[in-house]
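> What would the 3D arrangement of this be:
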Amino acid sequence: MLYLSIIRSSTILQEILLKDQSWWNYYHRHLETIRPAIVDNIIKVLSCGKLFKGYREYQCSKEGCLHFKNVPQSCNSRFCPTCGKRATDQWVNKQREILPKCEWQHITFTIPKQYWLYFHKHRSLLNLYAKQATDLIQKIAQRHGVKVGIFIAIHTFGRDLQWHPHVHVSVTMGGICIETNEWKDIRFSKKAMMPMWKYRITKLLRDAMKSGLIDTDFSLLNKMYHRYWHIHCGKPTKNPWRTITYLGRYIKRPPIALSKLKHYDGKNITFQYLNHRNGKYKTANMDIDHFIYKFTQHVPDKNFRLIRYYGFLANRVRGLLLNKVYELLDQVVEEVKFLGWRALHIHNFGEDPLKCLLCGSEMVLHKVHDGMSHKEVSQHHKALATRDIIR
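Down below sits the predicted model:
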């Protein structure tokens, strides 16, 4: 007798989207306005863990033991709770090895809420939004004759799933001195950055208005310009690890943790979120249509990069300058070890997924079963969303 185990079960998110065909109903109600990237990611989420996408078959290595296990292929969507968690851990592990071990400063750039809608309706502006933040940092560093290392993360959501575009910037508090080719310290202050940031965003929106991209007037821009804009400058840290871990939780995973989803009855959903103003948890309740809208509005368009690198970390100069930085900081960098699904499973859950449940021996790869491509799976969108059989 053969003993089979499959290590992937349906996620809470999949069940919410499938219950009473909530996603399929939402999809048909919003056919004319829903973005292709949203449909593409939801199909990935719904098909994740299904054997028709392909799987690897493992068998127990002990002679006579008949236990085998099928491990489904990943869907690679950051909105998938399972695959997003794996991508997060892999990204964090890589950055901890590569980024320079020096003092870092974490800066968060925000804009008035009166401007949020412009970046929601015209997502191309998000690229320019992020560019203004990095250009500002590099401009200040250039004035001090320093080339710093920067990585940024573009966030579009708050804890309650509202649309709240902002940019997290992590920058080295030092860099390569342009004149002496030595390491030179630097620090960025809110007082110096505030007027530069307000001017850059105001000009960005003014140009968008003149080109006819957005519909506003100069009076609003002038009014907002003379208000206080929040720029958060975190305390310096001796390395970027804390920031890497913090950003990883939000960049490569869904905009809400599944543990925060408390109740769903087919019509309304309840979840908790942390209110930053008072440090207390609040409860939000909304109908499923509104939840799907708020959740999917944060799906980035295809090929939109949420994490970007600049300065001596930019891809085009990293190969040359990063080794120089390691040398100046006396940092020895070992080859980054890729953490596969097995290692990550052990790290997160404390158990080996390839340890035989029957005899405790190691399970070994027996066969790889090819499955449908994503393009082929997409042709079964309705069947996926309605729990129909896919042949």
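> which stretches of this protein form helices?
12-18, 22-29, 36-47, 81-98, 116-121, 124-143, 190-210, 218-225, 241-251, 288-296, 315-328, 341-349, 374-378, 381-385 (DSSP state H).
> Now the weakest link among those, please, by mean pLDDT.
Mean pLDDT is lowest for helix 241-251 among the helices of the chain, at a mean of 79.
> How much space separates the spatially closest residue to residue 106 that is not a sequence neighbour from residue 243?
Of all residues not flanking residue 106 in the chain, residue 234 sits nearest, at 3.8 Å (CB to CB, 6 or more residues apart in numbering). Quick note: C-beta positions are derived from backbone N, CA and C, even for glycine. Residue 234 sits 8 Å away from residue 243, going by CB to CB, to the nearest Å.
> what residues do the two have in common as contacts?
residue 106 (CB atoms under 8 Å, 6 or more residues apart in numbering).
> So for the two, which residue has more residues nearby?
residue 243 (21 against 15; other CB atoms under 10 Å).
> Now do the contacts for that one.
104, 106, 168, 170, 234, 237.
> How much space separates the residue nearest to residue 106 from residue 206?
When residue 234 is compared with residue 206 (using CB to CB), they lie 30 Å apart.
> What of residue 354?
58 Å.
> Comparing the two, which residue is more hemmed in?
More crowded of residue 354 and residue 206, by other CB under 10 Å: residue 354, with 19 against 16.
> Excluding residues flanking it in the chain, which one is nearest that one?
Using CB to CB, 6+ apart and skipping residues adjacent in sequence, the residue nearest residue 354 is residue 363, 4.4 Å away.
> what about the one you found, how many residues close to it?
Count around residue 363 with other CB under 10 Å applied: 24.
> cool, residue 76 as well?
Going by other CB under 10 Å, the residues that sit close to residue 76 add up to 13.
> which residues touch it?
44, 83, 87.
> Closest to residue 258 out of those?
For those, the residue nearest residue 258 by CB to CB is residue 83; the value is 13.1 Å.
> thought the closest one was touching residue 75?
Yes. Using CB atoms under 8 Å, residue 83 is in contact with residue 75, at 5.4 Å.
> and for those two, which residues touch both?
With CB under 8 Å, 6+ apart, residue 83 and residue 75 have common neighbours residue 48.
> Tell me the one of the contacts of residue 76 nearest residue 370?
Distance ranking of those against residue 370, using CB to CB, places residue 44 first at 17.7 Å.
> Correct me if wrong: that closest one contacts residue 75.
Yes. Residue 44 is in contact with residue 75 according to CB under 8 Å; the separation is 4.1 Å.
> circling back to that earlier point, which members of the contacts of residue 243 are classed as buried?
The neighbour-count criterion (16 or more other CB atoms under 10 Å) marks 104, 106, 168, 170, 237 among those as buried.
> Could you export these as CSV, including distance to residue 92 and pLDDT?
Below are those laid out as CSV (distance: CB to CB, whole Å; pLDDT from 0 to 100):
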residue, distance to residue 92, pLDDT
104, 15, 96
106, 15, 95
168, 15, 94
170, 13, 94
237, 15, 92
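> Using TSV, please lay out the residues you listed together with distance to residue 60.
Shown next, in TSV, are the buried ones among the contacts of residue 243 (distance: CB to CB, whole Å):
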residue	distance to residue 60
104	47
106	47
168	46
170	45
237	46
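> With residue 296 as the reference, measure out to the residue positioned nearest the centre of the chain.
The centre of the chain sits closest to residue 251, judged by CA atoms, centre = their mean, with a distance of 1.7 Å. Relative to residue 296, residue 251 is positioned 17 Å away (CB to CB).
> Repeat that for residue 365.
Applying CB to CB to residue 365 and residue 296 gives a distance of 36 Å.
> more neighbours, those two?
residue 296 (20 against 11).
> And the lengthiest strand in the chain, what's buried?
For the chain, the strand with the greatest residue count under DSSP state E is strand 163-177. Neighbour counts over strand 163-177 (16+ other CB under 10 Å) mark 164-177 as buried.
> so which pair among the contacts of residue 243 is furthest apart in space?
Comparing the members of the contacts of residue 243, the greatest separation, given CB to CB, is between 168 and 237, at 13.6 Å.
> between the two, what contacts are shared?
106, 243.
> What's the end-to-end length of stretch 149-165?
23 Å (CA to CA, to the nearest Å).
> sorry, that was for stretch 382-391
First-to-last residue span, stretch 382-391, CA to CA: 13 Å.
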